[in-house]
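Peer 1: Task: produce atomic coordinates for the following.
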Amino acid sequence: MLPLIAGAALLALVVVFGVSAATSLLVERQRLFALADAAAVVAAESFNPRNVVLTSQGIVAPITSEEVRASTVAYINAVGPGSLKGLAIERALSVNGQVVEVRVSSVWSPPLVSDFFPSSLRIGVTARAQVFVR
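Peer 2: Model (predicted):
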């Protein structure tokens, strides 16, 4: 009877560790996505007003990959990494002169390390924003 109780307790402990690790990973991913999303919006708004043109399809405000990269780096440096460890800007570019894509990653560590969970994991997210001028 005692080994059965010990086995059940061990299984319950593993489940608790798993749930806490999954929750921690989800929260970390949400923080990372919020940073990437904000950086993409800032980058999309960083177009040069002198480059705005009126076309047959409406007003176009072209943005270059260099502008996107510079504004993304400036934004992330201004707000800082917060609790994100090993933050890296993997990609910051203009897809077609109108859509901005920002990909960032960080290193996540579970609250409790065990044989069942990795001691760290690099996670990445991609956010997109579009330039709109009315």
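
Peer 1: Tell me where the model's unsure across the chain.
Peer 2: Counting by pLDDT under 70, the chain has low-confidence residues at 1-2, 4, 114, 116-117.

Peer 1: Let me see the ranges of the strands in it.
Peer 2: Under the criterion DSSP state E, the chain carries strands at the ranges 53-55, 58-60, 85-94, 99-108, 121-130.

Peer 1: chain center to the helix ranked longest in the chain: distance?
Peer 2: When secondary structure is assigned using DSSP state H, the longest helix within the chain turns out to be helix 2-44. Average the C-alpha atoms of helix 2-44, do the same for its chain, and the two points are 16 Å apart (C-alpha atoms, centre = their mean, to the nearest Å).

Peer 1: what is the orientation angle of it with strand 121-130?
Peer 2: Helix 2-44 and strand 121-130 meet at an angle of 30 degrees, taking axes from the mean of the first three to the mean of the last three C-alpha atoms, to 10 degrees as the criterion.

Peer 1: Show me what helix 2-44 packs onto, helices and strands only.
Peer 2: Under the contact definition 3 or more C-beta pairs under 8 Å, 6 or more residues apart in numbering; DSSP states H and E, helix 2-44 sits against helix 65-79, strand 85-94, strand 99-108, strand 121-130. No exception for glycine: its C-beta is placed from N, CA and C like everyone else's.

Peer 1: Tell me which of the ones you listed sits nearest to V42.
Peer 2: Comparing the helices and strands packed on helix 2-44 by their distance to V42 (C-beta to C-beta), the top pick is helix 65-79, with 4.6 Å.

Peer 1: Please export the C-alpha coordinates of the closest one as CSV.
Peer 2: Taking only C-alpha atoms (Å, rounded to 0.1, in the frame of the first residue of the first chain), the coordinates of helix 65-79 have been written out as CSV:
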residue,chain,number,x,y,z
SER,A,65,14.1,47.2,-44.0
GLU,A,66,16.9,49.5,-42.7
GLU,A,67,14.3,51.9,-41.2
VAL,A,68,12.5,48.9,-39.6
ARG,A,69,15.7,47.5,-38.2
ALA,A,70,16.8,50.8,-36.8
SER,A,71,13.5,51.6,-35.1
THR,A,72,13.2,48.1,-33.7
VAL,A,73,16.6,48.2,-32.1
ALA,A,74,16.0,51.7,-30.8
TYR,A,75,12.6,50.7,-29.3
ILE,A,76,13.9,47.5,-27.6
ASN,A,77,16.9,49.4,-26.3
ALA,A,78,14.6,52.1,-24.9
VAL,A,79,12.2,49.7,-23.1
